[in-house]
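Trainee: Quick one, structure for this:
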Amino acid sequence: MGTTEYLEKARNSEKLLNTIVALKSRNLDWEIIITFYTSLQYVDAFLKGKLNFKYDNHKVRNDLIKKHLEKIWSEYSYLYNDGRKARYIAEFQPNPFRVWDYENTYLSNIKGYIIPRLE
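Mentor: Numbers count the residues shown, from 1 in each chain. Down below sits the predicted model:
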């Protein structure tokens, strides 16, 4: 897959996220998961699509983010960690304010940092 395909996946994931948020069902676990995977797809558009890195696991991706996308590492790592908790820890209770921040600030910062670097 190239940059265009990763961007298409990211945009589709954002549409899904916006649809779920608009329903006001506040399924916070899924909102975090989708927000995380949307950010991952933007990251992959840059790392795999533009820089042509080959990897298939989170550890390698995380190391590449720290090296090549250091300015978004903090936001990405919060999404990564809470996304894992939402997927694997049944008793995890997301904070609605933090989820709002993830969707409206963290994802926006990641997208805003990556998109100009794809040109």
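
Trainee: would you list every one of the helices in the chain?
Mentor: 3-22, 28-44, 58-68, 73-88, 96-101, 107-114 (DSSP state H).

Trainee: what sits up against the first one?
Mentor: Counting by CB atoms under 8 Å, 6 or more residues apart in numbering, the neighbours of helix 3-22 from elsewhere in the structure are 27, 30-31, 34-35, 37-38, 41-42, 44-46, 48-50, 103, 107, 111, 118. Quick note: C-beta positions are derived from backbone N, CA and C, even for glycine.

Trainee: Name the nearest residue to Arg87, ignoring sequence neighbours.
Mentor: The spatially closest residue to Arg87, leaving aside those adjacent along the chain, is Ile33, at 6.1 Å (CB to CB, 6 or more residues apart in numbering).

Trainee: next one: Leu40
Mentor: Counting by CB to CB, 6+ apart, Leu40 lies nearest to Arg61, which is 7.5 Å off, once chain neighbours are set aside.

Trainee: follow-up on the earlier one: mean neighbour count, the helices of the chain: which tops it?
Mentor: When you average the neighbours per residue for each of those (mean count of other CB atoms under 10 Å), helix 28-44 leads with a mean of 22.

Trainee: quick one: the residue nearest the centre of the chain and Trp73, what's the gap?
Mentor: Nearest to the geometric centre of the chain sits Ser39, at 1.9 Å (CA atoms, centre = their mean). From Ser39 across to Trp73, the span is 11 Å (CB to CB, to the nearest Å).

Trainee: Same question for Ala10.
Mentor: 18 Å.
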